[in-house]
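Q: structural data only, the sequence is not supplied:
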């Protein structure tokens, strides 16, 4: 069985996506609430709730085939502080990588490393942060490549994310896993530009990972929304009117069109600060009725919580997205145990990795690599 280390583990969504063919050797997160959720769903074995900066290679047991790190995005996000890898949150990449370097010095470096973050990591500080990540990875003896995957291919949520996949430079990679040139399905313009800004040495060690197109997604937002959800209440008519008053004429026109649709229409709303016609910043409510939710975010990241809006003829109702609905948008199973408090559950989901995206990467890149390389367990036998 393949073993993995899960850093910045949150509630264990990477573990859910990797599935039963993988064994978690070690998991880490600094947040005790997320740690409690991880324990409720996966057990306490191998879990360390602590600052990643307090860890060393000696804290990690055995040898793993994969190290996965979904390090914090706040300083790399367009909505964040702009601190990049020098920021307090996103800068935690460095102590994580120090642990990987420690594993390498003792001959225990995983054959594969995956980093997950927002796409802003490609452009932060004009690409210098992405180049710094690539340089650190290469310095330990890995080749690397990256893909940008929007979770909308798998769940009704718009959520593009960057996945950097690095492999031991001494391993032979099957030809079918690598393309000769970028594929615009998985290699965005920003990713290609970030690659071009890398030094020539990095180009020689770069991999254009190949992924198949996933099957057409069947679920739409309305399939995930409950009439009587747990943890939230429907707004009063006055609260819904106040929400509508925050909408621009363009967004109000969407609501009017939904009223004329002749059937129940489900959408989501985000409150954002936008300049008005006089250039003065003003809170606005923006709605979408395309069967897809906006990207789940956490209030601590500078964004509002997402609101559900349902239009049936002239009747317009609204409420906050429920915790279980947020979990569904992340691809978590119905039996996944969420925190009891609303903000804790919403934060857990908003900070996570979409489960079927992880499965897609595992099925078509990570597991074929393991089949070619052999697992650490097989090599030790």
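A: Thanks, I have the structure now. Everything quoted here is computed from the prediction, not taken from an experiment.
Q: Provide the secondary structure category for residue 368.
A: helix (DSSP: H, G, I helix; E, B strand; the rest coil).
Q: do you know how far it is from residue 28?
A: Applying Cβ to Cβ, to the nearest Å, the value for residue 368 to residue 28 is 27 Å. C-betas here are computed from N, CA, C, even on glycine.
Q: neighbour-wise, which of the two wins?
A: residue 28 (25 against 15; other Cβ atoms under 10 Å).
Q: let me see the contact set for the more buried one.
A: 5, 6, 7, 8, 9, 47, 48, 49, 50, 52, 55 (Cβ atoms under 8 Å, 6 or more residues apart in numbering).
Q: adding secondary structure, neighbour count and pLDDT, write the residues you listed out as CSV.
A: Formatted as CSV, these follow (DSSP: H, G, I helix; E, B strand; the rest coil; neighbours: other Cβ atoms under 10 Å; pLDDT from 0 to 100):
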residue, secondary structure, neighbour count, pLDDT
5, strand, 27, 98
6, strand, 28, 97
7, strand, 25, 97
8, coil, 25, 96
9, coil, 31, 96
47, strand, 20, 97
48, strand, 17, 97
49, strand, 18, 98
50, coil, 14, 96
52, helix, 22, 93
55, coil, 19, 95
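Q: show me which of these is closest to residue 224.
A: residue 9 (24.5 Å; Cβ to Cβ).
Q: so the closest one touches residue 30, yeah?
A: No: under the criterion of Cβ atoms under 8 Å, residue 9 is not in contact with residue 30, lying 10.0 Å apart.
Q: show me what contacts the closest residue to residue 66 other than its chain neighbours?
A: Using Cβ to Cβ, 6 or more residues apart in numbering and skipping the chain neighbours, the partner closest in space to residue 66 is residue 4 (4.0 Å). Applying Cβ under 8 Å, 6+ apart, we find residue 4 in contact with 18, 22, 23, 24, 25, 64, 65, 66, 67, 68, 110.
Q: let me know the closest of these to residue 246.
A: The closest of the contacts of residue 4, once distances to residue 246 are taken by Cβ to Cβ, is residue 68, at 39.1 Å.
Q: my read: the closest one touches residue 15, true?
A: No: counting by Cβ under 8 Å, residue 68 sits too far from residue 15 to count as a contact (9.0 Å).
Q: quick one, which of the two is more surrounded?
A: Each of residue 68 and residue 15 has its neighbours counted (other Cβ under 10 Å); residue 68 has more, 29 against 23.
Q: bridging residues for the more buried one?
A: Going by DSSP bridges, residue 68 is paired in beta bridges with residue 6, residue 114.
Q: tell me who's in contact with it.
A: 4, 5, 6, 7, 14, 113, 114, 116.
Q: can you rerun that using 7 Å?
A: Residues in contact with residue 68 (Cβ atoms under 7 Å, 6 or more residues apart in numbering) are 4, 6, 7, 14, 114.
Q: now residue 33
A: Applying Cβ under 7 Å, 6+ apart, the residues near residue 33 are 339, 344.
Q: where along the chain do the strands fall?
A: Assigned by DSSP state E, the chain shows strands spanning 2-7, 22-29, 47-49, 66-69, 112-117, 142-150, 160-168, 178-179, 206-209, 265-275, 281-288, 307-312, 315-320.
Q: got the contact list for the fifth one?
A: In other words, strand 112-117. Contacts of strand 112-117 with the rest of the structure, by Cβ under 7 Å, 6+ apart, involve 65-71, 73, 76, 100, 133, 142, 161-167, 353, 366, 369.
Q: state the distance from the nearest residue to residue 295 once chain neighbours are set aside to residue 223.
A: Residue nearest to residue 295 in three dimensions, not counting chain neighbours: residue 159, with 4.7 Å by Cβ to Cβ, 6+ apart. According to Cβ to Cβ, residue 159 stands 17 Å off from residue 223.
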